[in-house]
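J.: sequence unavailable; structure follows:
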């Protein structure tokens, strides 16, 4: 059964692939599962019809027959559990890969997401520089620890997993900040993720939505 | 095999149960799994020995034979997958319960956690009042959406699940802020979680650590 996901009709990042549908697209591409996309406007996202799928009025949602899911992390886990290629078969290795999924979303993403938000919303506030510095310090602590754990490995724990997929999407948000480059093994790790054919297909698909919207 | 978790030797919240070991204790109590606790000091948390278990130098970690996990969300999911009582057996209902786990940690927790942090770290900053107001607005948007989805149900999706367990631990952080009381069904939802015998046993266990440390 072909699942349907929702995505922004017009991506706020102009097709850079930071919207959370990118993670789901990438996971579906990794496992070779075709999918449909329904685009939603910012206005429609807040309407009851979309909120029935996504109670917080966000994207992505995921529909597969009777099943409706939201939260990109939960959707990626669902895909990884039902297809081969994103989680190891050994039970302990599988639990560790899932640990990295939660680490990406609950430990590494929050200060990085805040940084993006502050740059958009607080640029004209008197505290902007100080707040950005404080967030950069938090981000550096996470990156230092992650860099240290990754060491010279290709991926966080053995083969590429859904944990790496989420971590790379989180770290990609730092492109342009200069922070990633302070940790060369992390910059290489992100580049390794972005070089995967499945990533490239997912990236092209979300970019095509933005390009079409801009031309329209 | 009895798992071992780590927890603060001296809880920064003075035993209110907001440290992240509380979630793991509660999950273990719900499924009736005994566990051991190894207490760590703030200094020891940052040492290589602990970082081998928890790369970000935090608590809790989870050891069960050869398996080492971190991230409270991942540990709760691991417990829920290996014992009955925290996830439905129907595949779709199970995926939805896991969606609420991610929603608790990735959508609802970040502004609530930030509020706690800002109250400790930014109280003397010139932007304190404005920043608190902005966070309160973000939190209210999440609470409004969550309240609307919960409606008059006891739990988020059918029977009590690991999704409710995490959501209640996240919302509990708002005790004393007055925000939870603006949404009576959410306040009742949190009270319902706190009234569970497993919650009470877990809460008493973490409080006993603080009480013993204070007396020592």
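T.: Cool, the structure landed. On a predicted model such as this, the values are computed, not experimentally measured, just so you know. Numbering: from 1, shown residues only, chains lettered A, B, ... in the order given.
J.: C-alpha from now on. contacts and neighbour counts both.
T.: OK.
J.: please, which helix or strand holds the residue of chain A most remote from its centre?
T.: For chain A, the residue at maximal distance from the C-alpha centroid (Cα atoms, centre = their mean) is residue A:126, at 30.9 Å. Residue A:126 belongs to no helix or strand when assigned by DSSP states H and E.
J.: and it, how far is that from chain B?
T.: Distance, residue A:126 to chain B, by Cα to the nearest Cα, to the nearest Å: 8 Å.
J.: and that residue, what pLDDT?
T.: What the model reports for residue A:126 is a pLDDT of 82.
J.: what's the end-to-end length of stretch A:152-172?
T.: Criterion Cα to Cα, to the nearest Å; first-to-last residue distance in stretch A:152-172 is 19 Å.
J.: mind listing what's buried in that stretch?
T.: Within stretch A:152-172, the residues that count as buried by 16 or more other Cα atoms under 10 Å in any protein chain shown are A:154-157, A:160-172.
J.: and what of stretch A:173-183?
T.: Buried-residue list, stretch A:173-183, by 16+ other Cα under 10 Å: A:173, A:174, A:179, A:180, A:183.
J.: so which helix or strand takes in the residue lying closest to the third one once chain neighbours are set aside?
T.: Going back to what we said before, that points to residue A:179. Once flanking residues are discounted, residue A:179 sits nearest to residue A:140: 7.4 Å by Cα to Cα, 6 or more residues apart in numbering or on different chains. Assessed by DSSP H and E, residue A:140 sits inside helix A:128-150.
J.: other SSEs contacting that helix?
T.: Under the contact definition 3 or more Cα pairs under 8 Å, 6 or more residues apart in numbering or on different chains; DSSP states H and E, helix A:128-150 sits against helix A:109-121, helix A:184-194.
J.: let me see the mean pLDDT of whatever helix or strand comes next after it.
T.: For helix A:128-150, the following helix or strand on the C-terminal side (DSSP H and E) is helix A:162-172. Helix A:162-172 carries an average pLDDT of 98.
J.: hmm, helix A:162-172 touching chain B?
T.: No - Helix A:162-172 stays clear of chain B (Cα under 8 Å from any Cα of the partner chain), getting no nearer than 11.3 Å.
J.: which residues sit against that helix?
T.: Helix A:162-172 is touched from outside by A:18, A:23, A:26-27, A:73, A:76-77, A:80, A:86-87, A:97-102, A:104-105, A:108-109, A:112, A:155-156, A:180, A:189-190, A:193, with contacts defined as Cα atoms under 8 Å, 6 or more residues apart in numbering or on different chains.
J.: who's in contact with the residue nearest to residue A:1 when sequence neighbours are not counted?
T.: In this structure, residue A:1 finds its nearest non-sequential neighbour in residue A:64, 6.7 Å apart by Cα to Cα, 6+ apart. Shown in contact with residue A:64 (Cα under 8 Å, 6+ apart): A:1, A:2, A:3, A:4.
J.: so which bits of chain A are right by chain B?
T.: A:55-56, A:67-71, A:73-75, A:78, A:92, A:95-96, A:98-99, A:102-103, A:105-106, A:110, A:127, A:142, A:145-146, A:149.
J.: any weak-confidence spans in chain A?
T.: Along chain A, the parts satisfying pLDDT under 70 run over A:216.
J.: quickly list the domain ranges of it.
T.: Domain assignment for chain A by automatic domain parsing gives A:4-85+A:198-215, A:91-196.
J.: let's have those in a markdown table, adding distance to residue B:211.
T.: Shown next, in a markdown table, are the domains of chain A (distance: least, Cα to Cα, whole Å):
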| stretch | distance to residue B:211 |
| --- | --- |
| domain A:4-85+A:198-215 | 37 |
| domain A:91-196 | 29 |
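J.: so how far is stretch A:98-117 off the chain centroid?
T.: Centroid separation for stretch A:98-117 versus its chain: 9 Å, with Cα atoms, centre = their mean, to the nearest Å.
J.: would you mind measuring the gap between the ends of it?
T.: Using Cα to Cα, the two ends of stretch A:98-117 sit 27 Å apart.
J.: residues contacting that stretch, please?
T.: A:73, A:77, A:132, A:135-136, A:138-139, A:142, A:156, A:162-164, A:166-167, A:170-171, A:173-174, B:69-71, B:73-75, B:105-106, B:110.
J.: ok, so of the buried residues of stretch A:173-183, who is nearest residue A:206?
T.: residue A:173 (15.6 Å; Cα to Cα).
J.: surely that closest one meets residue A:18?
T.: Yes - using Cα atoms under 8 Å, residue A:173 is in contact with residue A:18, at 6.5 Å.
J.: just grab the bridge partners of the residue nearest to residue A:1 for me.
T.: Beta-bridge pairing of residue A:64 under DSSP bridges involves residue A:67.
J.: can you give me how far stretch A:7-17 is from the chain middle?
T.: 13 Å.
J.: stretch A:37-56 now?
T.: 19 Å.
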